[in-house]
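# Show me how the following folds:
(4 chains)
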Number of protein chains: 4
Amino acid sequence: MATVVTKDRVAFADTDASGRIHFMLAMRYFEIGEREALRVLGIKAGDPSRGGYEIPRVHIECNYHHALYYDDEIDIHATCSVIKTSSLTWDIKVYCREELCISGNMVTVLLDPETHESMKVPEDWREKLLA
Amino acid sequence: MATVVTKDRVAFADTDASGRIHFMLAMRYFEIGEREALRVLGIKAGDPSRGGYEIPRVHIECNYHHALYYDDEIDIHATCSVIKTSSLTWDIKVYCREELCISGNMVTVLLDPETHESMKVPEDWREKLLA
Amino acid sequence: MATVVTKDRVAFADTDASGRIHFMLAMRYFEIGEREALRVLGIKAGDPSRGGYEIPRVHIECNYHHALYYDDEIDIHATCSVIKTSSLTWDIKVYCREELCISGNMVTVLLDPETHESMKVPEDWREKLLA
Amino acid sequence: MATVVTKDRVAFADTDASGRIHFMLAMRYFEIGEREALRVLGIKAGDPSRGGYEIPRVHIECNYHHALYYDDEIDIHATCSVIKTSSLTWDIKVYCREELCISGNMVTVLLDPETHESMKVPEDWREKLLA
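Numbering: from 1, shown residues only, chains lettered A, B, ... in the order given. Got it, this is the predicted structure:
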């Protein structure tokens, strides 16, 4: 699929006493990148009770290349790189001032809203994700 | 009711670029203080699907007297100060090195697990909270 | 001052097992509202080492009128309602689908970047905030 | 080094609308496991202004095997598995009811408190970590 780019800013709440973004809170951008990519495709993530799909993460990997600071403007690049039977892998890259600051990937599994067991990635998602 | 005291430490994740605890994350202690006070009384807060009571907050108030820093050891004092028909007010005080750092209160409403409407505080809670 | 309105969305990371936004994480909007209002005025909040002003919160008050859910689109209204010698009070209102969901206020104190003691609100801030 | 085990509980603030712990917030346990392991060794992590060492993360990897729920009691196992010139790798395992729920590792780099450049892992850390 094409890469979807989302703009954001580093919130003060996401910094820590080192003066930089906290490593854990940088992962908000993984979720926001995926959410906006799915939105472009017309797929709603989140809780099934509100019409969204439940897509828990089973694996995450993150590299911190350059620190981010409060109020930095960032570009979150999200690309679905692997589509398996019931899982998707997202590649995430976060840029600030055209420098790659954070890169990583995240494997998500799609759950059936009724059984909460893993389900096959629907054919129309596959088409949209490969388009 | 008697005041329940819970010990904790300021996590690095809860600091911000000022070098101190983030004001928002200090409110973790409101929730932890209430949770441990309810545990002492034998009442489980949390999501109804796991056997807990749903007790959303409707009002919160917080004063910051002294800054807290990473790894500070704190005492969270929680006292149920007001019991109304379907709501409880908790007074929270956070001490560090015997100095009052944070004080405030939080009003919670008890929801019926079936209807998600407010319900009366059960008689046995009332007895336990007043004991 | 005029009210500054900032658009945002409820992140999944800010929900909890009740299915709604977590009360503590709703306070991200207090900070974001203030930040964007200050930006409009040309004032940068945050850590002094990056050219921002240190403006710790000393008091916060929050009322939860209606629950917010994942991906809800919100309008954060921020208004500086009181200007004292060295403190500002911000009124915050969060609307979703034209309904008031969260309201509150937050008192912040301005610190001198050198001494870390409270300092007078600069005359040009006062003019901008009153304009 | 020997594995250091820290006990904790899943906070309500760290759950999300799926009813389970949020993937990002599970990484609090990486930091808490490392902090308590360093404490056992007599090494203080955190901001240098408070006498701690600055040890930013450069790589993190996390696998989610079983979901964690609000108030679950957990054991965080932290082991320093690799010591390089200026970096440490921590293996983290989180157990609940004797089941492995989360596993991963985290590479941290030690910064010189003056220059903020990477510095050699001090000899006494090495000895303590290998003991």
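
# So what does the nearest residue to residue A:73 once chain neighbours are set aside have for phi and psi?
Closest residue to residue A:73 apart from its sequence neighbours, by CB to CB, 6 or more residues apart in numbering or on different chains: residue A:9 at 5.7 Å. Where C-beta positions appear, they are placed from N, C-alpha and C, glycine not excepted. Backbone torsions of residue A:9, given as degrees, to the nearest 10, read phi -130, psi 150.

# Number of residues surrounding residue A:9?
By the measure other CB atoms under 10 Å in any protein chain shown, the count of residues near residue A:9 is 17.

# Isn't it up against residue A:72?
Yes - contact status for residue A:9 versus residue A:72: in contact at 6.8 Å, counting by CB atoms under 8 Å.

# Please, which helix or strand holds residue A:38?
helix A:28-41 (DSSP states H and E).

# Touching the helix or strand that that helix is followed by from outside, list them.
Proceeding N to C from helix A:28-41, the next assigned helix or strand is strand A:57-64, under DSSP H and E. Residues outside strand A:57-64 that contact it (CB atoms under 8 Å, 6 or more residues apart in numbering or on different chains) are A:23, A:26-27, A:30, A:87, A:101-109, D:23, D:56-64.

# let's see it at 7 Å
Outside strand A:57-64, the residues that touch it by CB atoms under 7 Å, 6 or more residues apart in numbering or on different chains are A:23, A:27, A:30, A:102-109, D:23, D:56-64.

# Same question for stretch A:78-92.
A:1, A:3-4, A:29-30, A:33-34, A:36-37, A:76-77, A:103-110, A:118-121, A:126, A:129.

# How about stretch A:115-131?
Contacts for stretch A:115-131 (CB under 7 Å, 6+ apart): A:1, A:41, A:43, A:80, A:83, A:85-86, A:88, A:109-112.

# For it, the averaged confidence score.
The average pLDDT for stretch A:115-131 rounds to 91.

# How about stretch A:92-107?
Stretch A:92-107 comes out at a mean pLDDT of 98.

# That stretch: which residues count as buried?
A:92-96, A:101-107 (16 or more other CB atoms under 10 Å in any protein chain shown).

# what's the answer for stretch A:61-75, then?
Buried, per 16+ other CB under 10 Å, within stretch A:61-75: A:61-64, A:67-72, A:74-75.

# most remote residue from chain A's center?
residue A:17 (25.6 Å; CA atoms, centre = their mean).

# Can you give me the pLDDT of it?
As predicted, residue A:17 sits at a pLDDT of 93.

# quick check, it in a helix?
No - using DSSP: H, G, I helix; E, B strand; the rest coil, the assignment for residue A:17 is coil, not a helix.

# Tell me the spacing between it and residue A:33.
Between residue A:17 and residue A:33 the computed distance is 26 Å (CB to CB, to the nearest Å).

# What count of nearby residues applies to the closest residue in space to residue A:119 that isn't next to it in sequence?
Distances taken as CB to CB, 6+ apart put residue A:112 closest to residue A:119, at 4.0 Å, once the chain neighbours are dropped. Using other CB under 10 Å, residue A:112 is surrounded by 14 other residues.

# Okay, residue A:112 and residue B:63: tell me how far apart.
48 Å.

# Run a quick neighbour tally on the residue nearest to residue A:55 when sequence neighbours are not counted.
Closest residue in space to residue A:55, ignoring its immediate chain neighbours: residue A:108 at 4.4 Å, by CB to CB, 6+ apart. Here the number of neighbours of residue A:108 (other CB under 10 Å) works out to 24.

# List the contacts of residue A:108.
Listed by CB under 7 Å, 6+ apart, the contact set of residue A:108 reads A:55-57, A:87-88, A:90.

# is it in a bridge, and if so with what?
Taking DSSP bridges, one obtains residue A:57, residue A:88 as the residues bridged to residue A:108.

# separation between it and residue A:57?
From residue A:108 across to residue A:57, the span is 5 Å (CB to CB).

# Same question for residue A:122.
19 Å.

# and residue A:57, what pLDDT?
For residue A:57, pLDDT reads 97.

# coming back round to it: ok, residue A:122 and residue A:57, which is more surrounded?
More crowded of residue A:122 and residue A:57, by other CB under 10 Å: residue A:57, with 21 against 12.

# Relative to chain B, how far out is the more buried one?
Distance from residue A:57 to chain B, counting by CB to the nearest CB, to the nearest Å: 18 Å.

# now residue A:26
12 Å.

# Over to residue A:126?
32 Å.

# how close does that residue sit to chain C?
23 Å.

# so how far is residue A:82 from that residue?
12 Å.

# What of residue A:6?
Counting by CB to CB, the gap from residue A:6 to residue A:82 is 20 Å.

# who's more crowded, these two?
residue A:6 (19 against 12).

# isn't the more buried one right next to residue A:34, touching?
No - with contact defined as CB atoms under 7 Å, residue A:6 and residue A:34 do not form a contacting pair (9.7 Å).

# The helix holding residue A:38: which residues count as buried?
The neighbour-count check on helix A:28-41 (16+ other CB under 10 Å) flags A:28-38, A:41 as buried.
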